[in-house]
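1. quick one, what's the 3D model for this:
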Amino acid sequence: MPAELTVLGLAAILLLVHIFAAIRYKTQQYGKEWNMGARDEDLQPLNDVAGRLDRARGNFLETLPLAIIALGGVVIADKASTLTAIAAWIWLGARVIYLPLYWAGIPKVRTLIWLIALLALIYPLGVLLLA
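-> Now for the predicted structure:
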């Protein structure tokens, strides 16, 4: 199996980690009744940790489609290479590092890691569109 597809499979597991981490802290704050309810009520703002985890999850969901297009696209177009595989692994590694940095509230380094992940996706996207 191409490395790019392996990375996307692992990204799905990372997405589950994001979802479960965010919901655990939201449930801790709002309670099990909220979690199992319709969630229609107005709520107080999330505490710092729950808010960061929720934003990290949202950020991952914003960039995951780009990864699917770029990494899946090079495989479908038969343009995958060692370099697109390296870019895929760099993207995934950066996204794995990003979550605990955001969770801990570490600024600037978190943004740098996000930028590395984005740049890692630009390469296979360029290969898909230009090669």
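
2. CA atoms for contacts and neighbours, from now on please.
-> Will do.

3. next SSE after whichever strand or helix holds Val75?
-> Val75 is located in helix 73-76, with elements delineated by DSSP states H and E. Sequence-wise, the next helix or strand downstream of helix 73-76 (DSSP H and E) is helix 82-104.

4. stretch 58-73: which residues count as buried?
-> 60, 64, 66-73 (16 or more other Cα atoms under 10 Å).

5. buried sites along the helix holding Val75?
-> 73-75.

6. check the offset of that helix from the chain's centre.
-> 20 Å (Cα atoms, centre = their mean, to the nearest Å).

7. helices and strands around it, which ones?
-> Applying 3 or more Cα pairs under 8 Å, 6 or more residues apart in numbering; DSSP states H and E, we find helix 73-76 packed against helix 109-130.

8. secondary structure element for the most centrally placed residue in the chain, which one?
-> By Cα atoms, centre = their mean, the chain has its centre lying nearest to Phe60, at 2.8 Å. Counting by DSSP H and E, the element that carries Phe60 is helix 48-67.
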